[in-house]
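Novice: following is a predicted model, sequence given first.
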Amino acid sequence: MKRLALITAIITLLASTAFTQEQPAPTVKPLGITAKLDYASTYLWRGGYFFGGDGALFPSLSYNILNSGAVVSLVGEFSESYFFEGQPRNRNAVAFANHGLDWGIDYSYTFDETFTLGTGFWFYWYFNSATSTGTDRTNLNFLSAKAFVKVDMLPLQPTVTLYYDYYTAIRRGGDFYVTLSMGHTFELTSEVGLGVSLSTGYYHQNTAKSTTFNGPSLSDIVFKPVKTGFSDITTLVTLNYQKGHVGLSGGFGYVIVPAKSWYKDSDVHRFYATFGVSFVY
């Protein structure tokens, strides 16, 4: 509740700032460098509790190479409790095991404001996973390739994105995630926008399939099937403020997990709040 109250207060402050009369800001000509720090009250990845329900901090640095549309990025994934709650022995073991550093390159090109094609390649390095009890000492590093098409000429700019994952340490692939998303940003002032988006994702996790032999009899054999189905339907509302080089954002997300493969023994309805600060130059 404290985290939610904090996010609400920040968004209220943003809203009040938005309608303050100020002199027009000079035009900013960015070099393509963006530094950000984002926060999510609950880290949901493809609809699932990636940090076991913990909040997360995401520092990032990106560079649009000569404003060509090719963007190189470095992103961190760190649990909130690791930094702010108690001694190491009391920290969330699952979250600590899944701390990560991600880096990649993305490229997109828009054709006459009608549609945009894009692609990207990322490596996700979970540097604690191979030695931590929170992941049963399983190395979870993986490569992910993505491709998307966005129809800019249609209302809400519908976008289809395909991700394909390959886990480098266990040498297994076959995981794919497909999303359909759309949204719109309403311009409240020259500096403030209200963004509303809706997306749904289908996640086929081939790497979940396994067979474990714990003894000589059939009752000692544990089979885990492929996990597949619609993993998330997400509605996200954000308030964004940009003044010169500095940007602030805050929002709320509501996630429905439709497939039993993904909500089994857990909740179907999930909520989170976000806050971010950025510097663009």
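Specialist: Nice, I can see it. Not measured: the values here are computed from a predicted model. Numbering: from 1, shown residues only.

Novice: could you say what helices and strands the strand or helix carrying residue 103 packs with?
Specialist: Taking DSSP states H and E as the criterion, the element that holds residue 103 is strand 100-111. Helices and strands touching strand 100-111, as assessed by 3 or more Cβ pairs under 8 Å, 6 or more residues apart in numbering; DSSP states H and E, comprise strand 70-79, strand 115-125. Bear in mind the C-beta positions are built from the backbone N, C-alpha and C, glycine included.

Novice: hmm, try it at 10 Å
Specialist: Helices and strands touching strand 100-111, as assessed by 3 or more Cβ pairs under 10 Å, 6 or more residues apart in numbering; DSSP states H and E, comprise strand 56-64, strand 70-79, strand 115-125, strand 142-150.

Novice: residue 148 versus the closest residue to residue 207 other than its chain neighbours, what's the distance?
Specialist: Setting aside the residues directly before and after it, residue 207 is nearest to residue 172 in space (Cβ to Cβ, 6 or more residues apart in numbering), at 4.8 Å. For residue 172, the distance to residue 148 equals 24 Å [Cβ to Cβ, to the nearest Å].

Novice: tell me the SS of residue 95?
Specialist: Reducing the assignment to helix, strand or coil with DSSP: H, G, I helix; E, B strand; the rest coil, the entry for residue 95 is helix.

Novice: what number of residues lie near it?
Specialist: Residue 95: 25 surrounding residues under other Cβ atoms under 10 Å.

Novice: in contact with it, which residues?
Specialist: Residue 95 makes contact with 43, 49-56, 77-82, 128, 134, according to Cβ atoms under 10 Å, 6 or more residues apart in numbering.

Novice: do residue 127 as well
Specialist: Contacts for residue 127 (Cβ under 10 Å, 6+ apart) come out as 97, 99-101, 139, 141.

Novice: now the residues you listed in JSON lines, with pLDDT?
Specialist: As requested, the contacts of residue 127 are exported to JSON lines (pLDDT from 0 to 100):
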{"residue": "97", "pLDDT": "91"}
{"residue": "99", "pLDDT": "95"}
{"residue": "100", "pLDDT": "96"}
{"residue": "101", "pLDDT": "98"}
{"residue": "139", "pLDDT": "93"}
{"residue": "141", "pLDDT": "96"}
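
Novice: identify, from those residues, the entry nearest to residue 231.
Specialist: residue 100 (19.4 Å; Cβ to Cβ).

Novice: ok, and the closest non-adjacent residue to that closest one?
Specialist: residue 77 (4.2 Å).

Novice: over to residue 269?
Specialist: If the residues on either side of it in the chain are set aside, residue 269 comes closest to residue 256, at 6.1 Å by Cβ to Cβ, 6+ apart.

Novice: let me see the backbone angles for the one you found.
Specialist: Dihedral angles of residue 256 (phi, psi; degrees, to the nearest 10) stand at phi -110, psi 130.

Novice: what does the one 3 residues further on give?
Specialist: Note on residue 259: its backbone torsions stand at phi -90, psi 140 [degrees, to the nearest 10].

Novice: shouldn't it be in contact with residue 46?
Specialist: No. Under the criterion of Cβ atoms under 10 Å, residue 259 makes no contact with residue 46, lying 11.2 Å away.

Novice: got any residues that touch both of those two?
Specialist: Common neighbours of residue 259 and residue 46 (Cβ under 10 Å, 6+ apart) are 202-203, 231-232.
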